[in-house]
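# missing the sequence, but the structure's below:
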């Protein structure tokens, strides 16, 4: 495993993995992060990205050199401990209409009908490469290039929570109401970020998502179950 280290101020180090972005690198980064531990009082937090992990540490416990040596050791252990399974989370999504106001425009620009776009978007699984922008916002790879679409020229001031969008060759989900410039094609009732829960995040880096098209009736039923706390998101494990 080839890595380079870069200090970020006096209490953080960026660990860059010298490989092209890919599902295998994502798997490696997830395993590396799993191998870190909050039990180590010198490590405060870590933030995975596409091809790097930023590790925040206590400079009163570790020097920069000591931490990089520890992280090299963790990386060697990681190569021997990578999981052979993946977690797939199903994302029920209501496409089009007021829930996906850009679906029709996207379909017309691709010379498709809206059902074609939905079919392509719900075909296959998407890898969560990283979480960023907003708490719980997943940047997903795996979008069919036939429905890739540039960001809006003028971002919306308000995008509803749960909106499913496309920007370039990526798709993503807004976990909170926010401004945004992605093309909105649908909305999910799932809550990707919920401060009422002990773990407020539904997803993590390395998960896979599968979008499932639902009716407005099912959307409202799931939304009601989530409000009552009786809904359990569908997760399954598959061997890689």
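The structure has been received and is ready for your questions. All values reported here derive from a predicted model rather than from experimental measurement.
# contacts and neighbour counts: CA atoms only from here.
OK.
# Name all residues that make contact with the residue nearest the centre of the chain.
The centre of the chain sits closest to residue 138, judged by CA atoms, centre = their mean, with a distance of 2.4 Å. For residue 138, the residues meeting the contact criterion (CA atoms under 8 Å, 6 or more residues apart in numbering) are 128, 129, 130, 131, 132, 172, 173, 203, 205.
# hmm, 6 Å instead?
Taking CA atoms under 6 Å, 6 or more residues apart in numbering, we find residue 138 in contact with 128, 131, 172.
# Then residue 192?
The neighbourhood of residue 192, defined by CA under 6 Å, 6+ apart, consists of 136, 175, 201, 202.
# From residue 166, how far off is it?
The span separating residue 192 from residue 166 equals 17 Å under the rule CA to CA, to the nearest Å.
# Would you format the contacts of residue 192 as CSV with neighbour count, secondary structure and distance to residue 87 included?
Supplementary listing: those in CSV, determined by neighbours: other CA atoms under 10 Å; DSSP: H, G, I helix; E, B strand; the rest coil; distance: CA to CA, whole Å:
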residue, neighbour count, secondary structure, distance to residue 87
136, 23, coil, 17
175, 25, coil, 20
201, 17, strand, 15
202, 15, coil, 12
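# between those residues, which is closest to residue 151?
The shortest distance between residue 151 and any of the contacts of residue 192, using CA to CA, involves residue 175 and amounts to 18.2 Å.
# And for residue 128, the neighbour number?
Here the count is done by other CA atoms under 10 Å, and residue 128 has 24 residues near it.
# cool, residue 226 as well?
So residue 226, with other CA under 10 Å, has 16 neighbours.
# and it, helix, strand or coil?
Per DSSP: H, G, I helix; E, B strand; the rest coil, the local secondary structure of residue 226 is helix.
# Residue 61 belongs to a helix?
No - looking at residue 61 with three-state DSSP, it is coil, so not inside a helix.
# Report the contact partners of the nearest residue to it once chain neighbours are set aside.
Closest residue to residue 61 in three dimensions, ignoring its sequence neighbours and counting by CA to CA, 6 or more residues apart in numbering: residue 42, at 5.3 Å. The neighbours of residue 42, taking CA under 6 Å, 6+ apart as the test, are 57, 58, 61.
# got it, and residue 88?
Contacts for residue 88 were tallied using CA under 6 Å, 6+ apart; they are 208, 209, 235, 236.
# same thing but at 7 Å, please
Listed by CA atoms under 7 Å, 6 or more residues apart in numbering, the contact set of residue 88 reads 207, 208, 209, 210, 235, 236, 237.
# Could you check the pLDDT of it?
The predicted structure scores residue 88 at 95 on the pLDDT scale.
# a helix runs through it, doesn't it?
No - the secondary structure assignment for residue 88 gives strand rather than a helix, going by three-state DSSP.
# Any idea what it is bridged to?
Residue 88 has these beta-bridge partners by DSSP bridges: residue 208, residue 236.
# ok, now how distant is it from residue 188?
From residue 88 over to residue 188 the distance is 16 Å, taken as CA to CA.
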